[in-house]
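> only geometry, no sequence info:
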């Protein structure tokens, strides 16, 4: 059973930084591509970024240049470094695993096989 657990969310002021972590257990982490999504109240789940199994990254337009994803295959962990955060970055952030690890541009939720429970990020103005 594959489990994903996010951590690192919290309250941060606009312009600040936050780092989210997602720990994966029970699966073949190094073969997965890992994605990040977020969902604000009343809105659809939004693609944030993706890192494939060979480390190629891809980001949504709203976070490009501010957010960076990385992975540590030795620790079965993927990170999302969030810099220069804005109030519109507020939401529940989810990590997700895609068993199809090579494509660099999967951005739809239904392209991902496993999901974490989410961690809340709140950015104050």
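Cool, the structure landed. The shown structure was predicted, so the numbers you read here are calculated from the model rather than taken from an experiment.

> quick one: buried residues of the helix or strand where residue 38 lies?
Assessed by DSSP states H and E, residue 38 sits inside strand 33-39. Using 16 or more other Cβ atoms under 10 Å as the test for burial, strand 33-39 gives 33-38. Quick note: C-beta positions are derived from backbone N, CA and C, even for glycine.

> same question, stretch 14-30
Result for stretch 14-30 [16+ other Cβ under 10 Å]: buried residues 18, 20-24, 27, 29.

> just the buried residues of strand 33-39 now: which is nearest residue 102?
Using Cβ to Cβ, residue 33 is the member of the buried residues of strand 33-39 that lies nearest residue 102, at 7.3 Å.

> mind checking how far the closest one is from residue 90?
26 Å (Cβ to Cβ, to the nearest Å).

> all strands in the protein, in order from the N-terminus.
Along the chain, counting by DSSP state E, strands occupy 3-7, 10-13, 18-25, 33-39, 46-51, 57-59, 67-72, 77-82, 91-98, 114-115, 119-124.

> got TSV for those strands, with distance to residue 107 too?
As requested, those are exported to TSV (distance: least, Cβ to Cβ, whole Å):
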stretch	distance to residue 107
strand 3-7	18
strand 10-13	25
strand 18-25	17
strand 33-39	8
strand 46-51	4
strand 57-59	7
strand 67-72	13
strand 77-82	15
strand 91-98	10
strand 114-115	15
strand 119-124	19
